[in-house]
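1. Predicted model and sequence below, questions to follow.
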Amino acid sequence: MEKYSGKIYIMAWTTDQCRQFYSSVEWEHLRAVILKRDHYECQWCKRDGKVTRYGDVDSHGRPVVLEVDHIKELSDYPELRTEPTNLRTLCKDCHNKRHHRMNYRSKHERKENRWSKDERWD
């Protein structure tokens, strides 16, 4: 897929190209720089007044995992792959929420209680 960015057409990256970039030495070095810049803290948790740092334990007793996230997707904007302003540190939970993984729902999407209209025998 091509997109027009002012002067030139830019091709979106394939999954293989993204995978290759994420396994590169360049990405490992950049990732370390971004983690240090963000003080090894999740930026979304910090925005919400919660401190989630590398070395902490999450609410399930598991060690906190920090990931570096591309704000504008790598596959769609490969030209921004190494741009520090397009990168931020997120904990694994926030990163999963950001990409809608692992059945995270928004706060406003409440599943209806299927028993709410049943007869109660109190």
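-> Cool, the structure landed. Fair warning: this is a prediction, and the values are worked out from it, not measured in the lab. Numbering: from 1, shown residues only.
2. all contacts plus neighbour counts: C-alpha atoms, from now on.
-> Will do.
3. tell me which element the residue nearest the centre of the chain is part of?
-> What sits nearest the mean C-alpha location of the chain, by CA atoms, centre = their mean, is His95, with 2.8 Å. Assigned by DSSP states H and E, His95 belongs to helix 92-98.
4. so where do the strands sit in this structure?
-> Here the chain has its strands, by DSSP state E, at 2-4, 9-11, 66-70, 87-91.
5. which sections of this protein are below the confidence cut-off?
-> For the chain, applying pLDDT under 70 flags the ranges 1-10, 102-116, 118, 120, 122.
6. 80 instead?
-> Along the chain, segments meeting pLDDT under 80 span 1-11, 59-60, 101-122.
7. all helices for the protein, in order.
-> Assigned by DSSP state H, the helices in the chain fall at 15-22, 25-37, 43-47, 92-98.
8. List the contacts of the third one.
-> In other words, helix 43-47. Here helix 43-47 makes contact (CA atoms under 8 Å, 6 or more residues apart in numbering) with Val51, Thr52, Arg88, Thr89, Leu90, Cys94.
9. likewise the longest one?
-> Counting by CA under 8 Å, 6+ apart, helix 25-37 makes contact with Phe21, Tyr22, Glu41, Val68, Thr82, Pro84, Leu87, Arg88, Thr89, all of which sit outside it.
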